Structure formats: C-alpha cells, structure tokens
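Trainee: Model the following, please.
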Amino acid sequence: MRYVLVLALVLALVLAGCTLGGGKLAKPADTANPITGDPIAVTSLDKPATVAPAGEAKPAAENPASDIAKPLADKPVADPAPAPALAPAPEPEKPARVLGPEELACQKSGGQWSVAGKAGGMTCIRTLRDAGKSCRKKSDCEGDCLARSNTCAPISPLFGCNEILQDNGAMVTLCID
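Mentor: Next comes the predicted model:
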C-alpha cells in the first residue's frame, strides 16, 4: 500500500510541474539560418503570423514567409509544366514473309490462305461466284449444292458436316475437318 501512495505522490508532482508553466513551452531563441544567414523565425501553428518581427520587415513580394499566412484559396494555382512528349519508339520492321507455292497459287486464284477446320490447318478458302443460286445437283454449282436450302455453297471448302446433293441428285452428308 505504501508503494501505491509513493507512486501517486510522484505522479501528482510530475503533473503539477507540467501545469506550472501555464501549459506553454518556452520559445527558443532565434538562431541564424546556416544557408541564408537570416534569423530563423519560429511561429506558432495555432494562428498564422501576420506581422514580421521589428527590423525584419520585407515587402510581400520578397518575403515568401508572408505567403504562408495567406489562405490557400487566395493563391493562384499554377499549372504544372507538361511533361515532354516522348516520340514513340520505331517498331522494328518485320522481315518479308516468304510465300509457299500453295499460298501463291491460292492468291492467284482469288482465294484467301487462312486457318480452317478443327485441326487448325492452313488452307485456301475461296468465295464462289454462284453463292446462293438455286440448284438441284452438284453440277449446277461451282462448289457444292446444299441439300437443305437447294442453293450453291458460298465458300469452298465447307468445313464441318453438311448435307449436300451429288451429281445424280442424291443427298449425302459430307464431313470435312
């Protein structure tokens, strides 16, 4: 119990010492700024300083400390300098692709060399001139005669499974992958 009383007494003395100075810390003496040589002015953060100490008064244009006391809304906001535009790096030229004989023949016939089918192989896809024309057998069309619509196929070859009409008019299912 004795220790509790001693501890309470020490705590009371420490708190009393803190309040004896009125709750304010002593202001340090002005010291010279090592960079500019001017005295360093210490101001309170409670209220902005509006009057410079005697003997140090400078015009507002020369005293940047006076700008600190102005509200932020009164200061003009300068646009930041735009970053210099960087020229895009030139893309390296792609070497000319050498066309194979099948691809050259496809292009000469008006076809398009592309990936087709489930296997993803390359083939020549040609758009047919008589696409959509009415037909009754394969010989009526440049490509295949589609059995469901009795019209000529729009492209050749037709990938997947399609019902077509043969030269004798018989319907068969043709599957190409």
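Trainee: Just confirm residue 128 contacts residue 146, I think it does.
Mentor: No. Applying C-beta atoms under 8 Å, one finds residue 128 not in contact with residue 146, separated by 11.6 Å. Where you see a C-beta, it was placed from the backbone N, CA and C, and this is true even at glycine.
Trainee: More neighbours: which of those two?
Mentor: Neighbours per residue (other C-beta atoms under 10 Å) separate residue 128 from residue 146, with residue 146 holding more: 19 against 16.
Trainee: Local confidence estimate at the more buried one?
Mentor: Here, the pLDDT recorded for residue 146 equals 95.
Trainee: Please point out which parts of the longest helix along the chain sit buried.
Mentor: Longest helix of the chain, by residue count under DSSP state H: helix 2-20. Residues of helix 2-20 classed as buried by neighbour count (16 or more other C-beta atoms under 10 Å): none.
Trainee: Okay, strands next: where are they in the protein?
Mentor: With strands called from DSSP state E, the chain shows them at 112-116, 121-127, 145-146, 151-152, 155-156, 160-165, 171-176.
Trainee: who touches the closest residue to residue 145 other than its chain neighbours in this structure?
Mentor: Using C-beta to C-beta, 6 or more residues apart in numbering and skipping the chain neighbours, the partner closest in space to residue 145 is residue 135 (3.9 Å). Contacts of residue 135 were listed using C-beta atoms under 8 Å, 6 or more residues apart in numbering, and they are 141, 145, 146, 150, 151, 152, 165.
Trainee: what is in contact with residue 128 and residue 146 at once?
Mentor: Between them, residue 128 and residue 146 share the contacting residues 152, 153, judged by C-beta under 8 Å, 6+ apart.
Trainee: hmm, who's touching stretch 165-177?
Mentor: 117-119, 135-139, 144-147, 150, 157-164.
Trainee: Now, of these, which are buried?
Mentor: Buried among the contacts of stretch 165-177 (16+ other C-beta under 10 Å): 135, 138, 144, 145, 146, 147, 157, 158, 162, 164.
Trainee: can I assume the last one is in contact with residue 146?
Mentor: Yes. Here residue 164 reaches residue 146: they are 6.2 Å apart, a contact under C-beta under 8 Å.
Trainee: quick one: low-confidence ranges for this protein?
Mentor: Within the chain, the stretches with pLDDT under 70 are 1, 16-34, 47-84.
Trainee: redo that, cut-off 80
Mentor: Applying pLDDT under 80 to the chain flags residues 1-89, 94, 96-97.
Trainee: quick one, helices of it?
Mentor: 2-20, 64-69, 101-108.
Trainee: Roughly how far does residue 154 sit from residue 132?
Mentor: 7 Å (C-beta to C-beta, to the nearest Å).
Trainee: Same check on residue 142?
Mentor: Look at residue 142 and residue 132: by C-beta to C-beta, they are 12 Å apart.
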